[in-house]
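This is a predicted model, with the sequence first.
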Protein chains: 2
Amino acid sequence: MSNALDNLKYDANGLIPAIIQDHQNGDVLMMAWMNKESLQRTVDTNLCTYWSRSRKSFWVKGETSGHLQHVRNISVDCDQDVLLIKVEQIGAACHENYRSCFFRDLKDGDLVENSKRLAE
Amino acid sequence: MSNALDNLKYDANGLIPAIIQDHQNGDVLMMAWMNKESLQRTVDTNLCTYWSRSRKSFWVKGETSGHLQHVRNISVDCDQDVLLIKVEQIGAACHENYRSCFFRDLKDGDLVENSKRLAE
């Protein structure tokens, strides 16, 4: 299993960004960071598992909130330095309880809430 | 215009990741990096303009290839440290001439080409 993971390009901190997308409606839900071990755990458990840069610890998304992300597909970009993970998102992806973290649009220099406002 | 841009959280190198999504079918096409000035140029011109970390220069996507990205919407995530930009993508988003940079899936430890293989 480890070869493709070994060949990914992690940054100077050993991290790679993971874009998380709703596998059903295609909404981009969030972006977070993985290291090789958290990606391996994600593959092994089928649950998105990140590396928290602030807490310096592994973080199974939804472990406490129940808002788990069940992995449906993992893609890698051409440069092998970005991941795109399609998930079945339980509840809200955003810690502010919005379905998607991208709940504000940039409009005429301001941030304006968009239709992602309400969690399902 | 500058307030919301000033309040974004750029990293230690002054950069913020921009996830680029096809505004029509929701496909995630690529991820690249912007700094405040390239984001301002993106807003002003309505064409995605990045900061090339390797060349240390601004980079209007498609300026030479014609594969321009016309901006339809810019969203900001909860932490204000990631951008999601919906675009009308002309031709291939990937420099390898695929429609999306995410043309390989991670399957059983290998990278396998997926249906994004052919550029439109």
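Here it is on my side, so go on.

any idea of the mean pLDDT in stretch A:42-60?
The average pLDDT for stretch A:42-60 rounds to 95.

And A:H67, how far from A:N73?
Distance, A:H67 to A:N73, by C-beta to C-beta, to the nearest Å: 19 Å. C-beta: built from backbone N, CA, C; applies to glycine.

Of the two, give the one with the bigger neighbour count.
Comparing A:H67 with A:N73 by other C-beta atoms under 10 Å in any protein chain shown, the one with more neighbours is A:H67, at 18 against 15.

Correct me if wrong: the more buried one contacts A:C48.
No: judged on C-beta atoms under 8 Å, A:H67 makes no contact with A:C48 at a distance of 10.4 Å.

shared neighbours of the two, anything?
Common neighbours of A:H67 and A:C48, using C-beta atoms under 8 Å, 6 or more residues apart in numbering or on different chains, are A:K61.

what's the spacing between the most centrally placed residue in chain A and chain B?
Residue closest to the average C-alpha location in chain A (C-alpha atoms, centre = their mean): A:I20, at 3.9 Å. Separation of A:I20 from chain B (C-beta to the nearest C-beta, to the nearest Å): 10 Å.

OK, contacts around that residue?
Each residue near A:I20 by C-beta under 8 Å, 6+ apart is listed here: A:28-32, A:48, A:69, A:85, A:87, A:89, A:93.

In strands, which of the residues you listed fall?
Judged by DSSP state E, the subset of these located in strands is A:28-32, A:69, A:85, A:87, A:89.

Which member of the residues you listed is positioned nearest B:F103?
Of all the ones in strands among the contacts of A:I20, B:F103 sits closest to A:I85, with 15.3 Å by C-beta to C-beta.

what are the bridge partners for that closest one, then?
Counting by DSSP bridges, A:I85 is bridged to A:I20, A:I74.

Show the pLDDT at it.
Per-residue confidence at A:I85 stands at 98 (pLDDT).

doesn't A:V76 make contact with it?
No: taking contacts as C-beta under 8 Å, A:I85 lies outside contact range of A:V76: 10.2 Å.

Mind listing the shared neighbours of those two?
By C-beta under 8 Å, 6+ apart, no residue touches both A:I85 and A:V76.

Hmm, A:S100 is touching A:G26, no?
No: between A:S100 and A:G26 there is no contact under C-beta under 8 Å: 11.1 Å.

quick one: which of the two has more around it?
Shown here are A:S100 and A:G26; by other C-beta under 10 Å, A:S100 has more neighbours (25 against 14).

okay, which residue of chain A is out on the far edge from center?
Outermost in chain A, C-alpha atoms, centre = their mean: A:D108 at 28.3 Å.

Pull the distance from the helix or strand of chain A with the lowest mean pLDDT to the chain's centre.
Least confident helix or strand, chain A: helix A:2-7 with a mean of 87, by mean pLDDT, DSSP states H and E. Offset of helix A:2-7 from its chain centre (C-alpha atoms, centre = their mean, to the nearest Å): 19 Å.
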